[in-house]
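K.L.:
Provided below for reference: sequence and predicted model.
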Amino acid sequence: MSEYDFATIEARWQKTWLEEETFRTPGPGDAGFDPSKPKYYVLDMFPYPSGAGLHVGHPKGYTATDITARFKRHRGYQVLHPMGWDAFGLPAEQYAIQTGTHPAVTTEKNVAKFRGQLQALGFSYDWSREINTTSADYYRWTQWIFTKLYERGLAYQAEIPVWWCEALGTVLANEEVINGLSERGSHPCVKRPLRQWMLRITEYADRLLADLEDLDWPDSVKAMQREWIGRSEGAEIEFALTDADGNALGQSFTAFTTRPDTLFGATFCVLAPEHPLVAALVTTQQRSAVEAYVAQAATKSELERAELQKEKTGVFTGFYAVNPLFPPGDARRLMPVWTADYVLMSYGTGGIMCVPDGDERDLAFAHTYGLEVRSILDDEGRLQNSDFLDGLAKAEAIPKMIAWLEERGLGQGKVNYRLRDWLFSRQRYWGEPFPVLHELDAAGEFTGVHKVVDAQDLPVTLPELDDFSPAEDGEPPLARAKEWLHVVDSDGKVWRRETNSMPQWAGSCWYYLRFLDPHNQEAAWDAEKEQYWMPVDLYVGGAEHAVLHLLYARFWHKVLFDCGLVSCAEPFRKLVNQGMVQSYAYRNKLGALVPVDQVEEGEDGSFVDTTTGEKVERQTAKMSKSLRNVVNPDDVIRQYGADTMRLYEAFMGPVTASAPWNPRDLPGVHRFLQRVWRLFARGIAAAAEPTVERAMHQCIRKVGDDLEQMGYNTAIAAMMEFVNVATKQGQPLSTQQARAFCILLEPFAPHLAEELWAQLGQKEALAYAAWPSFDPGQLLADTVEIPVQVNGKLRARAEMPADADRDTMEDLARAAVEEHLSGDVRKVIVVPGRMVNFVVAAK
RNA sequence: GGGGGAGUAGCCCAAUGGCAGAGGCAGAGGACUUAAAAUCCUCCCAGUACGGGUUCGAAUCCCGUCUCCCCUACCA
């Protein structure tokens, strides 16, 4: 046995695993399936295979799930651990537009690269289950699920103002536009009315909210989803509109409010600039001012509106709203109606009643324009000057006011959501075609009738095109696929295919289900398999998917549940967000960032810009090309091997924590593997050495406990500790110890573990070897040193048997601190095996 | 402004309310070596951001303050 030759070892075992299909996992109905085993489904958020390949951030989560997957196999679970590709999407299409390379070609190339990189890291995926959202075999079922949504009335078309991104040539969902810029690429977007497909996710808002409760998810993600759904209880109130003299205009508007009980304090109303009644009813006198205001509000992006939030602006419309609480003639009855851009057309009804005494924004607006403020809340927040609500707290006042309104037909209780229906169509080529046909009349015009394609006629495959670019008018590229576009049915009726395509989220909404049964040609998945494997036991991915992907997938899953197609209401039982792998960045005195490759560390630990000689400060930042601090996993593997890479990723800290990639720490974990190699190179001892044996049992327990809780970093520390003890002790390990250690090491450094296991002459596959057990009697030393405190202060240490009972401990401890116990001993606290504390009365 | 999370040694990080240190990096010394690297051994370093509170006992629980990260933001 010579050197630790990781390159040879890793290549050998990766080849073996692939050739022997070591990690092929049988499910119900498959040969080799053992129904008596418990199941464990551990899933990574599958990647978009970009041209850049993997960066070191990807493997952080993948390493975590792989360690857990391997650990669970040793624990006797049937482990489902699959990988696939979320391969529809803009980058491949943009590349196609620029170069003419078909997105499928780009995708295939990128997938090959990603697969190779993942395999080079020795992940124990069942590659026989690999899926790709862009293969017709897969999107056939994405389309099929869409037909289920359609049949249940959850998919509909609407002509709505949507975010149109000129640069990307497509519409985007609200969630994909941030402050008027596209989430991807930060291109400006504008609102534009277009015919779109929508999914009625709002129908599931309550269930999506309620079912969060029982999920083992990070609080932050649950909080984000709750906020996104944005349930708020209140009432809708209808306000009749009049002219300045109180003459009815024959129109009314509805306002949503969470505080209907404050209606007595409503002194004015505001409609969003886009509200149709603003233009319809504005008085001649106010018309020019209002039109000017509306026009300039329209040119403001959401970004600008948000930035200007300190100062509220608005214009009086000239008409009034009736406060129904007050009789004609009462001065409080007529409330002036303003238009202001702090009211958004897209939330609630686009119009509000304003209660300056109850709402900060209304108060600010009232102050700016000298509008009336009527006091209706006392110091304790109880209603006053409010007739039948006087003295009531809001909890009692709200239902009372709602009842009052309902009796008179003026309004009703209402739950409002921030969540909007999901804009589900895109004007792009590289996405799933909709399985929808639109009927045409003899003249070739739409009749307005549409239907979904029959299940047996799926998939609707993507047609070949020469030009993938979107048209200026928003007409999708699929409209240019002349031969594909029209379908003639058996009655000779002509139908035109839907030319929109689905958004990238579609494929990832259900991929975890296809993994259960990826080659099924008759169904999307088999019911028995679904019942066995679902739900996903552990789902690991980035926090950036906290809302969109996870909300959409939950929505689809609930629809499938309602269809009786899945057996559980929630797909992902436990969710973990892995921390970001950051990198170092350097900032000079001017605050500018200095690329990493022109900074050197000085003797005193300071950092110097080598081009200027100036001192710079180190900080952590996201990896980015511009900072030149991106670390490439291929380089790391070449230099240290995959096992070192995996070990380092897992050793950086808790899986949920972000930490900078520190190249200086890599040799540390690499050295550990070398020490393991050298320890095994000593050969095998005939008998176990007691110190090492004890350390072994402690290590088995610690690694097992830590892995149950995803404490990868501390589990590695425990193995290091064991190797240090064994190395120092000087003897070889016993056969039992060597075997046990191989199993402990395998989840983390599987190639090295397999190599050592093989050298031990083991024939059984290491990956499925049973986790070693420990002897609790071996965990404690015979004697322990127990701290003895007096009034909480450490006064002495007492040597005593590890299993001493309370009385013995107290006696031995008392002897050790005799001189400190002059006063009354009022209380003695004994923690068996841990410590003794004497509480003495102060003198 | 709202929400989520984090502050422990020069650095990354450990510590069911019970001796602040498991592990790694960096640093110092020694052994081995003709020398260096590698390896092995030994050592050094904080009282847990700050201020209160609960407790026999607090890094850990509670309250307040500060700093940093992430998310969100006129949502009526």
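P.N.:
That came through, no problem. Residues are numbered from 1 along each chain as shown, chains lettered A, B, ... in the order given.
K.L.:
contacting residues for the single nearest residue of the stretch 501-650 of chain A relative to RNA strand B?
P.N.:
Nearest to RNA strand B in the stretch 501-650 of chain A, going by C-beta to the nearest atom of the strand, is A:Ala543, at a distance of 5.5 Å. Backbone N, C-alpha and C define where each C-beta goes, glycine included. Residues near A:Ala543 by C-beta atoms under 8 Å, 6 or more residues apart in numbering: A:Ser220, A:Val221, A:Asn577.
K.L.:
of those, buried ones?
P.N.:
A:Val221, A:Asn577 (16 or more other C-beta atoms under 10 Å).
K.L.:
RNA strand B next: which of the contacts of A:Ala543 are close?
P.N.:
A:Ser220 (C-beta under 7 Å from any atom of the strand).
K.L.:
could you dump the contacts of A:Ala543 to CSV with secondary structure and pLDDT?
P.N.:
Below are these laid out as CSV (DSSP: H, G, I helix; E, B strand; the rest coil; pLDDT from 0 to 100):
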residue, secondary structure, pLDDT
A:Ser220, helix, 89
A:Val221, helix, 92
A:Asn577, strand, 92
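K.L.:
quick one: which of the contacts of A:Ala543 is nearest A:Ser490?
P.N.:
Nearest to A:Ser490 among those is A:Val221, at 49.8 Å by C-beta to C-beta.
K.L.:
all helices of the stretch 701-843 of chain A, in order?
P.N.:
Under the criterion DSSP state H, counting those that start in this stretch, the stretch 701-843 of chain A contains helices at A:712-729, A:735-745, A:750-759, A:806-816.
K.L.:
ah, wrong one, I meant the stretch 51-200 of chain A
P.N.:
Counting by DSSP H, counting those that start in this stretch, the stretch 51-200 of chain A has helices at residues A:58-74, A:90-99, A:103-120, A:136-151.
K.L.:
Quick check: the gap between A:Ala235 and RNA strand B.
P.N.:
Taking C-beta to the nearest atom of the strand, to the nearest Å as the measure, A:Ala235 falls 8 Å from RNA strand B.
K.L.:
For A:Ile684, give me its contacts.
P.N.:
Contact analysis of A:Ile684 by C-beta under 8 Å, 6+ apart lists A:Pro732, A:Leu733, A:Ser734, A:Thr735, A:Ala738, A:Leu760.
K.L.:
So which of those is surrounded by the most neighbours?
P.N.:
A:Leu733 (26 neighbours; other C-beta atoms under 10 Å).
K.L.:
ok, the contacts of A:Ala543 vs A:Val840, which is closest?
P.N.:
Closest to A:Val840, out of all of the contacts of A:Ala543 and judged by C-beta to C-beta, is A:Ser220, at 46.6 Å.
K.L.:
so after the lowest-mean-pLDDT helix or strand in chain A, what's the next helix or strand?
P.N.:
For chain A, the helix or strand with the lowest mean confidence is helix A:302-307, at a mean of 55 (criterion: mean pLDDT, DSSP states H and E). Where DSSP states H and E defines the elements, the next helix or strand beyond helix A:302-307 is strand A:314-322.
K.L.:
pLDDT weak spots in the stretch 151-300 of chain A?
P.N.:
For the stretch 151-300 of chain A, residues meeting the criterion pLDDT under 70 lie at A:174-175, A:179-180, A:299-300.
K.L.:
domain ranges for chain A?
P.N.:
Following automatic domain parsing, one gets these domains for chain A: A:153-202+A:422-497, A:232-416, A:581-621, A:668-778, A:783-840.
K.L.:
okay if I get the ones you listed as CSV plus distance to A:Ala7?
P.N.:
Formatted as CSV, those follow (distance: least, C-beta to C-beta, whole Å):
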stretch, distance to A:Ala7
domain A:153-202+A:422-497, 38
domain A:232-416, 52
domain A:581-621, 24
domain A:668-778, 10
domain A:783-840, 45
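K.L.:
Adding pLDDT and distance to RNA strand B, write the contacts of A:Ile684 out as CSV.
P.N.:
As requested, those are exported to CSV (pLDDT from 0 to 100; distance: C-beta to the nearest atom of the strand, whole Å):
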residue, pLDDT, distance to RNA strand B
A:Pro732, 93, 14
A:Leu733, 94, 15
A:Ser734, 95, 19
A:Thr735, 94, 22
A:Ala738, 96, 17
A:Leu760, 93, 21
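K.L.:
coming back round to it: ranking the domains of chain A by mean pLDDT, which is last?
P.N.:
Ranked by mean pLDDT, these bottom out at domain A:581-621, with a mean of 70.
K.L.:
need the contact list for A:Asp211.
P.N.:
By C-beta under 8 Å, 6+ apart, the residues touching A:Asp211 are A:Arg554, A:Lys558, A:Ala569, A:Glu570.
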